[in-house]
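Trainee: can't give you the sequence, but here's the structure:
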């Protein structure tokens, strides 16, 4: 096995309200969302925390768009389950569970952070269905006009391509006795068009593009799989489906550490895929998660455990690259409210429209 980790993880800040969607900024700050506390937040290099904007519902993923504004995948929020991590109950881990009574639908939002008083603007709450059926041989989308729009359920993460469009994973919402069947969408940044491109999927979570933008990656949380779709580079937002699978996907890997379930992802310059690994020892909060690194050929390259003295990190939620050479890996640990970092050997992939990249 090859290795990419250079240093152990170190703590930047704790006490965040289920952090997700980290984005590196030019001054070394990390812009992120807090799902539980419903904030767009900036963490300065010294650990100072600034609340940038209140984002009601469940801000779940974030990315800079071609207009310099921040685009947010809003899941609509969760009911939260507190789990004590010590006998005194001083350390509490919060798990997002079912659809809350306050749920008003999922959405894509846009925030102009250059404003003194950033305004959260709805961009999309519905999308056009791309398919009229499930299953093998039914993958050709009809004309958009043939379908009624459907509501976004639980947008989780998003990634922009070079053309300025963006891909969105919709994790869906769970209820005590049932859950949504969702998919992946492609949208334009002007708020004029969003279309379902992949359906059906069970709990798609992280989403990322390969360096050449010829692959779209996604994690399937409970299936414990990293999958991808081939893309037509000449026609942004167009998938070349695998004819041998019902959703057009290819399997990158299902060989992941322990019994882990998966959250979000990032990609480095060499095309390796970094996946947030939750609960690798099964359904116990008293074990640390980490980052699995997988080659474009599906080979396991490294597993970076998040092991910080005095803290639990069972549920890393998302990650990004930063630093002068993009060799610093920043990880949000959602349930335990941490932001941590470690040095790696391979630079992260420069993200489209990120002012730092």
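Mentor: Structure received. In this text the structure is predicted, and so the values were computed from the model without any measurement.

Trainee: ok, and for stretch 319-336, which residues are buried?
Mentor: Residues of stretch 319-336 classed as buried: 319-323, 326-336 (neighbour count, 16 or more other Cβ atoms under 10 Å). C-betas here are computed from N, CA, C, even on glycine.

Trainee: gap between residue 118 and residue 109?
Mentor: 11 Å (Cβ to Cβ, to the nearest Å).

Trainee: Looking at these two, which one has more neighbours?
Mentor: Applying other Cβ atoms under 10 Å to residue 118 and residue 109 shows that residue 109 carries more neighbours, namely 25 against 17.

Trainee: Helix, strand, or coil at the nearest residue to that one once chain neighbours are set aside?
Mentor: In this structure, residue 109 finds its nearest non-sequential neighbour in residue 72, 4.5 Å apart by Cβ to Cβ, 6 or more residues apart in numbering. Reducing the assignment at residue 72 to three states with DSSP: H, G, I helix; E, B strand; the rest coil gives strand.

Trainee: one step back: ok, so of the buried residues of stretch 319-336, who is nearest residue 173?
Mentor: residue 334 (17.1 Å; Cβ to Cβ).

Trainee: Which residue, other than its chain neighbours, is closest to the closest one?
Mentor: Nearest in space to residue 334, with sequence neighbours left out and distances taken as Cβ to Cβ, 6+ apart, is residue 317 at 3.4 Å.

Trainee: before we move on, which element is that neighbour in?
Mentor: strand 316-322 (DSSP states H and E).

Trainee: so what does that strand touch, helix or strand wise?
Mentor: In terms of contacts (3 or more Cβ pairs under 8 Å, 6 or more residues apart in numbering; DSSP states H and E), strand 316-322 is packed against strand 19-24, strand 261-267, strand 273-278, strand 290-294, strand 328-333.

Trainee: any chance of the ones you listed in JSON lines, with mean pLDDT too?
Mentor: Output for the helices and strands packed on strand 316-322, formatted as JSON lines (pLDDT from 0 to 100):
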{"stretch": "strand 19-24", "mean pLDDT": "98"}
{"stretch": "strand 261-267", "mean pLDDT": "97"}
{"stretch": "strand 273-278", "mean pLDDT": "98"}
{"stretch": "strand 290-294", "mean pLDDT": "98"}
{"stretch": "strand 328-333", "mean pLDDT": "98"}
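
Trainee: now the ones you listed in a markdown table, with distance to residue 7?
Mentor: Below are the helices and strands packed on strand 316-322 laid out as a markdown table (distance: least, Cβ to Cβ, whole Å):
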| stretch | distance to residue 7 |
| --- | --- |
| strand 19-24 | 17 |
| strand 261-267 | 18 |
| strand 273-278 | 15 |
| strand 290-294 | 13 |
| strand 328-333 | 9 |
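
Trainee: Distance from the strand holding residue 317 to the middle of the chain?
Mentor: Mean-position distance between strand 316-322 and its chain equals 9 Å (Cα atoms, centre = their mean, to the nearest Å).

Trainee: can you list the residues that contact that strand?
Mentor: Strand 316-322 is contacted by residues 18-24, 28, 30, 61, 157, 206, 263-266, 268, 274, 276-278, 289-291, 306, 327-335, 344, 347-349, 351, 356 when judged by Cβ atoms under 8 Å, 6 or more residues apart in numbering.

Trainee: let's go with 6 Å and repeat that
Mentor: Strand 316-322 is contacted from outside by 20-24, 263-264, 266, 274, 276, 289, 306, 328, 330-334, 348, using Cβ atoms under 6 Å, 6 or more residues apart in numbering.

Trainee: Please apply the same query to stretch 182-199.
Mentor: 65-66, 123-124, 127-131, 153, 164-170, 172, 201, 204, 237, 239, 247.

Trainee: buried sites along it?
Mentor: Using 16+ other Cβ under 10 Å as the test for burial, stretch 182-199 gives 182-189, 194-199.

Trainee: give me the number of residues near the residue nearest to residue 173 when sequence neighbours are not counted?
Mentor: Leaving aside its sequence neighbours, residue 173 sits nearest to residue 99 (Cβ to Cβ, 6+ apart; 4.1 Å). When counting by other Cβ under 10 Å, one arrives at 20 neighbours for residue 99.

Trainee: element containing residue 99?
Mentor: Going by DSSP H and E, residue 99 is not in any helix or strand.

Trainee: distance of it from residue 158?
Mentor: 21 Å.

Trainee: and if you look at residue 301?
Mentor: 26 Å.

Trainee: And for residue 349?
Mentor: 15 Å.

Trainee: just to revisit the earlier point, type out the ChimeraX command that picks the buried ones from the contacts of stretch 182-199.
Mentor: Those of the contacts of stretch 182-199 that count as buried under 16+ other Cβ under 10 Å are selected in ChimeraX with:
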select :65,66,123,124,127,128,129,130,131,153,165,166,167,168,169,170,172,201,204,237,239,247
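
Trainee: what's near enough to touch the residue nearest to residue 109?
Mentor: 59, 62, 109 are the contacts of residue 72 under Cβ under 6 Å, 6+ apart.

Trainee: ok, of those, which one's closest to residue 218?
Mentor: Of all the contacts of residue 72, residue 218 sits closest to residue 62, with 17.4 Å by Cβ to Cβ.

Trainee: For the helix or strand containing the closest one, name the packing helices and strands.
Mentor: Using DSSP H and E, the secondary-structure element containing residue 62 is strand 59-64. Contacts defined by 3 or more Cβ pairs under 6 Å, 6 or more residues apart in numbering; DSSP states H and E place strand 59-64 against strand 19-24, strand 70-74, strand 155-160.
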